[in-house]
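> what follows is a protein structure lacking sequence information:
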């Protein structure tokens, strides 16, 4: 049978020592050999060997040794050997040990006394301890603090034993007396802990008597005092007023650990604005003074908790929180920005944006490798500020537009999306933004940024000069036409290149022979710029290679289609604002020439990939439109696009407002709840902080914050029957899932008339589950029950299975009886929760994640939206696709769902369904994740639930 052990040492099983060798080494006079033999003996004992023959040898040859190492090893040996027989009585040979321990407790050497006292803390046999009590008590008055502190620990351990009060009836009085006269910090802490554990009233009395001296105590004693305060206030909240003054005084302690603990306890005990403000300021000081990134992250978590419950007070310290951006760690910066963005108000928005602008400027220096990623976070933060407070947009938009050509594409995309939103929501800034965009467009190097910038130019260039500048800028960035030329000599020629040009780009040419009209061979070539350095071109120089030309020659025909659409919009608007018909026709002709050149390039066989059908159709549509324009089509191109964008922004803002309203809803008190009139209370002897605290408690009580959400019906759903009603042992389990832990509370009932001996609940797991406790044996009386608790650790989001059996013996049957238990399936839904992420982030993760699970739709539900809602409810995910995109009846539906697990894993789901002619739904649900477990588990869950019957 396995026993509990207080000692854990690594054991190398390669070459186990023999008992005879150990015995011989112990009998010799060589001290190093004895030490080595004692170590081997302890190792063997810890690994299940009994070695009864060694005890007398150790008593005879090891016990008398004066060597300190041997004496320490001897105590370890005594700690792990059996000191009692099968009936629990102390072995007679232990009398020999008692005498040795008494001698050690009176030894002239302080180390021997100290380690022996420490050893007594691990003894639980009252018969051995009783004769040693006088010696232990005499050590309380020893001159050396090392011995006094261990004597106090020994007294505490003995007093906590079941027979402790008989062994040491006056221990609390002795320890209290020692505490009042003790000068050593560790000894005082041990004495205070003993009183706090065994005689709490005495500890509380001592603390309240020395309230003014607490700030002068050492950090160890202050931490012990804080633990006592937490314990006392948890059991009796009415007395917290006495202790808040002590906690606030400890906020100025020189120890950072004490400061952190004090702030945490203060927040848990008091809701008074003064107390919360003091705790918030303390956390901010720790955030700036500590260099350890882990400490900073923990403090930011505490500030985040304060923000959710005391936002008004946290608003005051927002600038102190933002000082944490000086840390180079991205996780710290991300958390800091997340907290700050929820604390911005009209009063502090200017300061916050100014700080963010300074940080953006700092990222231009290329000192840190992750500057691009940090800049992207700052851009998103400024974007959020500008949406909440549009008046600040004018101060930041021009600064951010300098980063449209950022080498970090994600950051540049965020900037251009910000510009697109600001130009729509702030009409006053339109002219300056368009002017700046036309000036800086040549710097943009990413195709997606170019596409968005071209859309802005096409929609918001309204005056004659803006439209003409827009057309001229696009022409300049496209370079001279055509995009490629054919020569009989077979040379690579780009029509835009001049002989004197020096270009830093890498040119990749593709050559293939072709037959000309006269039957001769020639080589046709297309020059493709696959990589190029940061632009050094001068705006307005015709000879420079434009960014649009480079991207289109690399095969990006989607961008070519966007260029065609932008030119079409600009030409249509030019026809409205240009009084000269000839100028408008000239611009239309040049636009048509550009589009035809792009089609010619796309249909040539010299680029790696020909033009895709969508881009081809779009460019052809633009050509037809410019050749034959109608009023209805003109209205669609010049007005409807922008109206749709404005509608999308309005809906996004409405959705965010609705989410904020939903979060703000709080439960109120019930009609028959007690009303406590604050003004009628006695204020005698109460400090200002205590008065504030009383008010806050009354407010919490009134708004239902003190009420606990005890959903009994939900608890009953978590009870699982493990055995049948006809089994001799009935068992059921109540499953509690808490992040990384699963707790099984198993109730076992003996339904027979016999006593069940050595009853053991044996569990095994499948998946990423791990049992923490070893199974123990129990004896169950007839028709009695037993509560058994099993702890299981979870390491990933995966559907796990717990299975096992109950094994027991009866008095008249020698064989063991086994009752097999039902399997317990741990639901993945306990680990994932709905979450949100940006559309760009969703697409990036969808492209990166390697595990995909494809589930075919098979359901009796016939309505697309009803099926989508059923999947959302079944998978505990959030639909990222806005409701407006799902409106209407078209027989087809596509939506993205997202959730995050408690382990930080992302779960992405795409639902694509179509209504068939017979009314049934068909399609696929695709699940993607970084790990295999979550993809498979979610797929199984959807397969199980999608029919709609459950």
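Perfect, I can see it now. Keep in mind that what you see is a predicted model, and the values were worked out from it rather than measured. Numbering: from 1, shown residues only.
> C-alpha only now, for contacts and for neighbours.
Will do.
> neighbours around residue 57, how many?
By other C-alpha atoms under 10 Å, the residues close to residue 57 number 16.
> correct me, but it touches residue 23?
Yes. Residue 57 lies in contact with residue 23 (C-alpha atoms under 8 Å); the separation is 6.9 Å.
> for the closest residue to residue 377 other than its chain neighbours, helix, strand, or coil?
For residue 377, ignoring the flanking residues on the chain, the nearest one in space by C-alpha to C-alpha, 6 or more residues apart in numbering is residue 334 at 7.2 Å. What DSSP: H, G, I helix; E, B strand; the rest coil gives for residue 334 is helix.
> burial measure for residue 334, as a count.
Residue 334: 16 neighbours (other C-alpha under 10 Å).
> next one: residue 646
By other C-alpha under 10 Å, 15 other residues sit near residue 646.
> likewise residue 644?
11.
> thinking again about what came up before, what's the spacing between the residue nearest to residue 377 and residue 325?
9 Å (C-alpha to C-alpha, to the nearest Å).
> now swap in residue 719 and tell me
On the measure of C-alpha to C-alpha, residue 719 and residue 325 end up 48 Å apart.
> which other helices and strands contact the helix or strand in which residue 778 is found?
When elements are assigned from DSSP states H and E, residue 778 belongs to strand 777-780. Strand 777-780 sits against strand 756-766, with contacts defined as 3 or more C-alpha pairs under 8 Å, 6 or more residues apart in numbering; DSSP states H and E.
> just checking: what are the partner strands of the strand it packs on?
Strand pairing for strand 756-766, determined by DSSP bridges: strand 777-780 (antiparallel), strand 800-810 (antiparallel).
> the helix or strand that that strand is followed by packs against which elements?
The helix or strand immediately downstream of strand 756-766 is strand 769-771, counting by DSSP H and E. Judged by 3+ C-alpha pairs under 8 Å, 6+ apart, strand 769-771 is in contact with strand 756-766, strand 785-794.
> for the spatially closest residue to residue 410 that is not a sequence neighbour, which three-state class applies?
Distances taken as C-alpha to C-alpha, 6+ apart place residue 376 nearest to residue 410, at 6.8 Å, with adjacent residues excluded. Following three-state DSSP, residue 376 is assigned to helix.
> for residue 376, give me its contacts.
By C-alpha atoms under 8 Å, 6 or more residues apart in numbering, the contact set of residue 376 is 410, 411, 412, 414.
> rerun that using 7 Å as the cut-off
The contact partners of residue 376, by C-alpha atoms under 7 Å, 6 or more residues apart in numbering, come to 410, 411, 414.
> quick one on the thing from earlier: got the helices and strands packed on strand 769-771 as TSV, with mean pLDDT, mean neighbour count and distance to residue 853 columns?
Formatted as TSV, the helices and strands packed on strand 769-771 follow (pLDDT from 0 to 100; neighbours: other C-alpha atoms under 10 Å; distance: least, C-alpha to C-alpha, whole Å):
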stretch	mean pLDDT	mean neighbour count	distance to residue 853
strand 756-766	86	17	21
strand 785-794	85	16	23
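> what would those strands look like in TSV with distance to residue 749?
Output for the helices and strands packed on strand 769-771, formatted as TSV (distance: least, C-alpha to C-alpha, whole Å):
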stretch	distance to residue 749
strand 756-766	10
strand 785-794	4
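> which stretch among the ones you listed approaches residue 859 most closely?
In terms of C-alpha to C-alpha, the element of the helices and strands packed on strand 769-771 nearest to residue 859 is strand 756-766, at 30.0 Å.
> give the buried residues for stretch 308-327.
Neighbour counts using 16 or more other C-alpha atoms under 10 Å place 310, 313, 314, 315, 316, 317, 318, 320, 321, 322, 324, 325 of stretch 308-327 among the buried residues.
> contacts for that stretch, please.
Under C-alpha under 7 Å, 6+ apart, the answer for stretch 308-327 is 277, 280, 284, 287, 288, 307, 333, 336, 340, 343.
> check which helix or strand residue 359 maps to.
Take DSSP H and E as the rule and residue 359 turns out to sit in helix 349-362.
> which strands or helices does that helix pack on?
Applying 3 or more C-alpha pairs under 7 Å, 6 or more residues apart in numbering; DSSP states H and E, one finds that helix 349-362 makes contact with helix 371-388.
> now do the helix it packs on against helix 349-362, angle only.
Calculated by axes from the mean of the first three to the mean of the last three C-alpha atoms, to 10 degrees, helix 371-388 forms an angle of 160 degrees with helix 349-362.
> which SSE is immediately downstream of helix 371-388?
Downstream of helix 371-388, the next assigned helix or strand under DSSP H and E is helix 393-401.
> and that following helix, what does it pack onto?
Under the contact criterion of 3+ C-alpha pairs under 7 Å, 6+ apart, helix 393-401 touches helix 409-425.
> and for the helix it packs on, what are the contacting residues?
372-373, 375-376, 379-380, 383, 397, 400-401, 403-406, 429-430, 446, 449, 452-453, 456.
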